[in-house]
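> model this:
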Amino acid sequence: MSTPTPTPTPTPTPTGRPRTAPSPHELETALRERFGFDAFRPGQREAITALLERGRLLCIQPTGHGKSLTYQLPAALLPGLTVVVSPLLALIRDQIRHLVERFAIPAVTLNSDQDDAANDQAQAQVQAGAAKILFISPERLDNLSTFRWLLGLEVDLLVVDEAHCVSTWGHDFRPSYRRIVDAVTRFSEQRPHLRVLALTATADARTELDIAQLLSPANAQITVHRQGMDRPNLTLDVVPVDGMAYKLQRLCKVLARAEGCGILYCATRDQTEIVADFATSRGYPVTAYHAGLDPTRKRELQQGFIDDAFPVVAATNALGMGIDKPNVRFIVHVDMPGSITAYYQEVGRAGRDGAPSTGTLLFDETDRAVQDYFIRSAQPTTEDFARVRDVVARADEPTNISTIKSRTGLHPTRVSVVLAELIEQGFVKKEMAGRRQVYLPVDQDGAPQLARFARQLGVRTAELESMLSYARREPDCLMQRLRRALGDDNAPTCGRCSQCIPVRPPPPDRTHNLGLAHDRGSVETAEAWLDSRVVPIAGTRRPEMCSGVVLLDGQRQGPSFRHFMRARSTSEKVLDSTRDAILRQLPKLEQNRRFAAIVTIPSRSWAQQRSIAQLISDELGVPYHADALRFTVSPDARQGALLNNEQRRENVKGKMGRTAGSRALPTGALLLVDDYLGSGATLKEAVRALRKDFGFKGSIVPFAIARVRWRIGATGML
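Numbering: from 1, shown residues only. Prediction:
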C-alpha cells in the first residue's frame, strides 16, 4: 500500500540538468547482473522507482522484506556517494560484507567500534573515490569534524536507517538523530539533486507524519510507501513466569524443543551472560553478545552467528537488527522490551526465509522495573538543563562531554539528551578545540522549551503499557495487536498465535536427539545455580588486566551476598559462606596460571581484608604482600557517595601508589583482591599503580568477593 503524493517538478542539479532516473530495463538489468536476483520482492521496485524519480521517500516495510535493496541498487547506479546513517553496528558490518563480497560494491564505515587507524583509512578511501557507500553512526555524524568533512563530499543519496529515531513520537527517539535533520538541510542546500531515503519497520501513523514533515523539502512532500506488517510464517507465544529461576527453567524447555538458529533477547548485558552461562551448563551451547564486548570479539561472534558456528546467541538488541540471516528459526525474549514496536522489530528477525518460525516472550511482572528505569534514565528535568548550562557557563575553558558528565553527576544518557537539546535551541554551541569537541555557552535570553520531553515521556509510557497488555495476554490475538500498533488498523486475527489457539499439543522434546537427560532441572536447580554463580570481570587493555571473577552477585541480593556486605566492615572473621565460595573458586583460577603473590586494594572499611587475604594465601601457598598499595592522595569521597561513573573515575584517578618500603613483587601472576566491585574505577587505578610504580610485567588477575551496582545520577547502591 502506498500513500500517494504529488510528483514535484524535476529538481535541477548544480549543472542545471534535471534529475533523471534509470529506466525499468536498467533496474531489471542491475538487479539481475549486479545483485543476482531474478525478480524484485513486493514493494521494492515501486520504492526504488519513487526514490529515483521523486527524490525523497519514506519506506515503511516489515522486517525481512529487503529494505536494504532500496538504497543498494540506487547506490550502484548513481554516480556519486551514498551515505547511510545507521545506529546498528552489527547491521553495518553485515551489510559491508555482502556489498563487497557478493555484489562487488565498495563500502566502508566510520563508527566507534573501529580504532582511529581504521576510521582514517575509511575516510581516505572515500576521499579517493574508492567507495560507493559510506555507513556512519549518528554519533559520528554528530561530531563536528566528521560532519564538516562529509559536507565536502559528492553525496548523491542520503539514507536514514531506523528513521523512527528522528521523531519524538517514535518509540526509540535518539537526540543524535536530530542532527540528521540538520544534515539533510545542509546537504540539500549544497546539492539540490540530493536524494533522501528514510527506512523503518516500526512507525505508526503519527510517527510517519512526523518523519515526513522533518525530512520533506521546502517545496514538496516526501513520498511515503507503506506495506502491511503481517508475518504469516511467524507464530507468537507468551509464557508467564515468576522470577529469574523460573525464566531459566522455562527457557530450557523452549531450547529442548527448538530447532535451528535462534536469538535469546535480554534487557541488559549482565542478563545475556547469565542466560548464556545457565543454558550452557544445562547442555545447550549458547553464546552471549552485547555492546560491551571487545570489538574484535563482537565481529567474531556476529560472523559466527551468521555462519551457524554460534547457532544460539543470548543478546541485547545490539545484535540482530538488519543482519541478513534468513534461517533464524526462533526468537525468545527472556526479558520484555519497552514497546510493542521494539518487540515487533526484534521478533521479526525470525523466519526471514519464509519458513515456519516462532517468537516466545517469557514474561515476569517485575520486568517492568527495568523498562521504567530506562525511561527515567533518558528523561531530563528542568533542573538537569540548569545544571548542564551552569557547568558549561562556569568552565574556565571550553569543556568536553566527559567533564560535563563528571561535574553534573547526571546519568550519561541524560547529559547527551540535554546537550543535544540545548544546541538545537541555541543555548549551547559546539566547536572543535584541536581534536577535541567542546561546548560553549551562547548568550541567549529565556529558558529551554521542554514540551517535547513531556510528549516523549507520554509516548514511552503509553508504549510500555501497550507492551504490558500484550505480555499479560490481554489481546484476542498477538499478531493482530502488533500489526494494529504499527498502522495496520484493519488487521484480522492471525489464527496461529497462543491466543488464537490457546491449547496446542507441545512439539516433541528433542532432548534425546541431543544426548541429554530428559529432566532438564527444576526451578530449584536454577535457583541453586544462580546463588552459586560467579560474575566475570572483563579484562582490559589499558591498563592491562586479565579477566577475573566476582564471587557474590549483588543483582540477586542472595543470602550469602547480604551476609558478607553486613559483616565486611564490622568483623574480622571470615563467614563460612564466604570461605566456601572462595575455596570453590580458587582451583578454577589456578587451572591456567601459577600465582606468585597476592595484593589487596587499600580500603578504610574492610575489616576482613587481612583475614580473607591470608586465607587465600594459605590455600594457594603464595605470599600475601600486605599494604603494597596505598592511596597517596585521599579520594574526596566514598565511591558510593558519588553520582555517576565519571565522578568515580575522577575520584581515584592517579591517587594510588606504592607504599614506601614495600617489597618488590615476584615474577609470575598476581591475584589482586578487593572486597567488592562497583564501577571498576578503583580496580583499574590499582592496576595502573602496579604497572607504573612497581613496574610489574606479569599477569594481574582481579578477584572480588561481591559485585554491587551503583546508582547513576544518585548516590548509593541499586
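> what is Gln289 paired to in the beta sheet?
For the record, residue 289 is Tyr, not Gln. Ala315 (DSSP bridges).
> sorry, that was for Ala704
Residues in a beta bridge with Ala704, per DSSP bridges, are Val550, Asp674.
> Local confidence estimate at the closest residue to Phe37 other than its chain neighbours?
Nearest residue to Phe37, sequence neighbours excluded (C-beta to C-beta, 6 or more residues apart in numbering): Leu31, at 5.2 Å. Heads up, the C-betas are built off the backbone N, CA and C, glycines and all. pLDDT, Leu31: 93.
> Could you name the helices and strands sitting against the longest helix along the chain?
The longest helix of the chain (DSSP state H) is helix 451-471. In this structure, helix 451-471 packs against helix 340-347, strand 357-363, helix 367-378, helix 478-485, with contacts taken as 3 or more C-beta pairs under 8 Å, 6 or more residues apart in numbering; DSSP states H and E.
> Quick check: mean pLDDT of the shortest one?
Pointing back at strand 357-363 there. Average pLDDT, strand 357-363: 97.
> What is it packed up against?
When contacts are defined as 3+ C-beta pairs under 8 Å, 6+ apart, strand 357-363 sits against strand 234-240, helix 244-257, strand 328-333, helix 451-471.
> Which other helices and strands does the shortest one contact?
What it means is strand 328-333. In terms of contacts (3+ C-beta pairs under 8 Å, 6+ apart), strand 328-333 is packed against helix 244-257, strand 261-265, helix 340-347, strand 357-363.
> Can you list the neighbours in contact with the second one?
So the one you mean is strand 261-265. Contact with strand 261-265 is made by 251, 272, 275, 279, 286, 305, 308, 311-317, 319-320, 325, 327-335, 337, 346, 349-350, as judged by C-beta atoms under 8 Å, 6 or more residues apart in numbering.
> And the helices and strands packed on helix 451-471: which comes nearest Ile211?
helix 340-347 (13.3 Å; C-beta to C-beta).
> Tell me the secondary structure of Val196, please.
When classified by DSSP: H, G, I helix; E, B strand; the rest coil, Val196 comes out as strand.
> I figured it hits Ala163, correct?
No - using C-beta atoms under 8 Å as the test, Val196 is too far from Ala163 to be in contact (10.0 Å).
> any residues in contact with both of those two?
With C-beta under 8 Å, 6+ apart as the test, Val196 and Ala163 both reach Leu215.
> These two - which one has more neighbours?
Ala163 (28 against 22; other C-beta atoms under 10 Å).
> Contact partners for the more buried one?
Ala163 touches Leu58, Ala198, Leu199, Thr200, Ala203, Ile211, Leu215, counting by C-beta under 8 Å, 6+ apart.
> at 7 Å instead, please
Shown in contact with Ala163 (C-beta atoms under 7 Å, 6 or more residues apart in numbering): Leu58, Ala198, Leu199, Thr200, Ile211.
> List just the nearest of these to Arg368.
Nearest member of the contacts of Ala163 to Arg368, counting by C-beta to C-beta, is Thr200, at 25.8 Å.
> Please name the nearest non-neighbouring residue to Gly304.
Of all residues not flanking Gly304 in the chain, Phe310 sits nearest, at 4.2 Å (C-beta to C-beta, 6+ apart).
> on that earlier part again, from Pro22, how far off is the residue nearest to Phe37?
As judged by C-beta to C-beta, to the nearest Å, Leu31 and Pro22 stand 11 Å apart.
> likewise Phe696?
64 Å.
> rewinding a little: show me the contacts for the residue nearest to Gly304.
Phe310 makes contacts with Thr287, Leu301, Gly304, as judged by C-beta under 7 Å, 6+ apart.
> Confirm the second one sits in a helix?
What that stands for is Leu301. Yes - counting by three-state DSSP, Leu301 is located in a helix.
> how about it, what does it touch?
By C-beta under 7 Å, 6+ apart, the contact set of Leu301 is Thr287, Tyr289, Phe310, Val313.
> While we're on it, how confident is the model there?
91.
> among the contacts of Ala163, which two are most distant?
Taking C-beta to C-beta as the measure, these span a maximum distance of 10.3 Å, between Leu199 and Ile211.
> show me what contacts Glu424?
When contacts are counted by C-beta under 7 Å, 6+ apart, Glu424 touches Arg178.
> ah, wrong one, I meant Arg568
Applying C-beta under 7 Å, 6+ apart to Arg568 gives the contacts Trp606, Ala607, Gln608, Asp675.
> what's the distance between it and Pro559?
Noted for Arg568: a distance of 15 Å to Pro559, by C-beta to C-beta.
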